[in-house]
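Engineer: Structure for the following, please:
(one chain, ligands or ions: 2)
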Amino acid sequence: MGLFDRFKKKVQPKKQEDKSKQKVDAELDDGLISIEEFEEWEQEQIGYKFKQGLEKSREKFQNEINALMAKYRTVDEDFFEALEEVLISADVGFNTVMELTDELRKEAQLKNITDTKDLKETIVEKMIEIYERNDSLSEEVNIQSDSLTVVLVVGVNGVGKTTSIGKLAHKYKQEGKQVMLAAGDTFRAGAINQLQVWGDRVGVDVIRQSEGSDPAAVMYDAVNAAKKRGTDVLICDTAGRLQNKGNLMNELSKIKKVIQKVVPEAPHEALLVLDATTGQNALTQAKAFKEVTDVTGIVLTKLDGTAKGGIVLAIKNELGIPVKFVGLGEQMDDLQEFSAENYVYGLFADMIDDSVDEALEDEDNA
Ligand SMILES: Nc1nc2c(ncn2[C@@H]2O[C@H](COP(=O)(O)OP(=O)(O)OP(=O)(O)O)[C@@H](O)[C@H]2O)c(=O)[nH]1
Ligand SMILES: [Mg+2]
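Structural biologist: Ligands and ions are numbered 1, 2, ... in the order given. Predicted coordinates for the structure are as follows:
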């Protein structure tokens with residue numbers, strides 16, 4: 001099934017939602033549901049979250065691509081070079097851009113596309129294709145269904161580790177799981193309290209020791225407590241120091257060792273948090289962390305704060321680590337499981353909606 005057919009399926013229920021909005025409006029008189037309630041419900045839709053969170057990227061990307069198509073009307077080498085520039089400026093990553101445009105060149109030739117406007121859909125399709133190509137990388141989060149799951153969260157200072165842990169705790173608690181947090185960042189002043197605030201907000205226990213104590217000791221306590229209390233998911237905060245690779249490597253391997261004393265197959269996930277607004281620097285951090293520990297997935301935060309959302313493609317394609325979660329805002333439910341389809345929808349929503357509308361109209365007229 002082609003990409004746009006998949007989106008058609010996605011958008012059709014949305015059209016029904018529009019209808020239900022009319023119904024909602026009708027019911028308003030009866031005082032059954034308020035506009036606020038409807039908006040709240042609308043905002044809970046996941047596609048909508050991606051659309052909202054990627055607004056900055058979408059605006060920049062769509063404006064630039066539209067400008068490009070207005071300037072270059074025929075598909076030629078000048079057009080491809082200008083397209084490469086647009087993609088690189090969106091942080092898609094040099095190698096990924098080259099791969100993408102090479103394939104677009106071939107596809108244009110194969111399908112005999114000469115008008116740049118007719119290449120729009122193909123650009124979107126190729127982006128998803130490149131993303132999904134390396135399918136051995138599962139985006140699925142390794143959560144045990146019947147025993148303790150330990151999630152270790154690592155990353156440099158300020159990328160959003162603690163915030164993401166709070167949001168993750170909220171997510172799993174919402175799913176009915178018993179969640180516990182471990183305050184493993186004993187290094188930065190205030191870090192333990194910051195995690196405690198999240199624990200209180202979400203309503204989950206935080207295992208902590210005093211500032212400056214050994215993070216491995218905190219983890220050991222936490223895993224034991226989690227096991228004893230029958231916790232489902234234990235999420236561990238860590239300090240984000242990369243200034244000294246040797247130290248970091250020692251610290252992380254010590255933490256892993258003590259966790260494994262209690263749960264041999266743990267940690268089930270070692271999530272590296274990267275800040276999308278730092279662009280290519282995020283890739284450099286990921287490479288450095290890959291050298292010191294086994295990273296099982298990426299949490300890409302602050303996508304809502306950048307117009308360069310193309311970084312997701314670069315991460316997957318150039319690092320070979322799956323993006324498992326994305327941060328799309330500062331609210332508790334703004335951390336979402338990553339989906340290539342929702343992501344690309346967020347990047348091109350207006351264009352996709354238009355194209356799907358056209359297709360639906362054609363169907364209606366047929
Ligand atoms: N807009 C936005 N802000 C975010 C997101 N994730 C985190 N932040 C903000 O980023 C800032 C840093 O987040 P923290 O969670 O404290 O980062 P950290 O990695 O734990 O930092 P250290 O403990 O200092 O290493 C906070 O102001 C968060 O609100 C996101 O997805 N979107
Ligand atoms: Mg922190």
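Engineer: Could you list which residues are in contact with Leu181?
Structural biologist: 165, 169, 195, 198-199, 204-207, 234-237 (C-beta atoms under 8 Å, 6 or more residues apart in numbering). All C-beta atoms are positioned from the backbone trio N, CA, C, and that covers glycine.
Engineer: Tell me which two of the residues you listed sit farthest apart.
Structural biologist: Farthest apart among the contacts of Leu181 by C-beta to C-beta are Trp198 and Leu234. That separation is 14.4 Å.
Engineer: Looking at the two, which is more packed in?
Structural biologist: Leu234 (29 against 23; other C-beta atoms under 10 Å).
Engineer: Provide the partner residues of that one in its beta bridges.
Structural biologist: Beta bridges link Leu234 to Val150, Met180, judged by DSSP bridges.
Engineer: Around the spatially closest residue to Gly297 that is not a sequence neighbour, how many other residues sit close by?
Structural biologist: Take Gly297 and drop its neighbours on the chain: the residue closest to it by C-beta to C-beta, 6 or more residues apart in numbering is Lys324, 3.6 Å away. Counted with other C-beta under 10 Å, residues neighbouring Lys324 total 21.
Engineer: Secondary structure element holding Lys324?
Structural biologist: Assessed by DSSP states H and E, Lys324 sits inside strand 323-327.
Engineer: Could I get the buried residue list for that strand?
Structural biologist: Within strand 323-327, the residues that qualify as buried are 323-327, counting by 16 or more other C-beta atoms under 10 Å.
Engineer: Also near ligand 1: which of these, exactly?
Structural biologist: Applying C-beta under 6 Å from any ligand atom to these, one finds that Gly327 fall near ligand 1.
Engineer: quick one, strands of this protein?
Structural biologist: All strands of the chain, identified by DSSP state E, fall at 149-154, 179-184, 205-207, 233-238, 269-275, 297-301, 323-327, 335-337.
Engineer: these two touch, right, Thr74 and Thr114?
Structural biologist: Yes: in this structure, Thr74 is within contact of Thr114 by C-beta atoms under 8 Å, at 5.7 Å.
Engineer: Show the pLDDT at the closest residue to Asp350 other than its chain neighbours.
Structural biologist: Distance criterion C-beta to C-beta, 6+ apart; nearest residue to Asp350, sequence neighbours excluded, is Gln62 at 6.3 Å. As predicted, Gln62 sits at a pLDDT of 88.
Engineer: In contact with Gln62, which residues?
Structural biologist: 348, 350-351.
Engineer: Ligand 2 contacts on this structure?
Structural biologist: Residues of the chain lying close to ligand 2 (C-beta under 5 Å from the ion) are 161-162.
Engineer: go again using 8 Å as the cut-off
Structural biologist: Applying C-beta under 8 Å from the ion, we find that the chain lies next to ligand 2 at 157-158, 161-163, 165, 185, 188, 191, 194-195, 237, 239-240.
Engineer: In the stretch 51-200 of the chain, what residue lies closest to ligand 2?
Structural biologist: Thr162 (3.3 Å; C-beta to the ion).
Engineer: Report how many residues lie close to that residue.
Structural biologist: 24.
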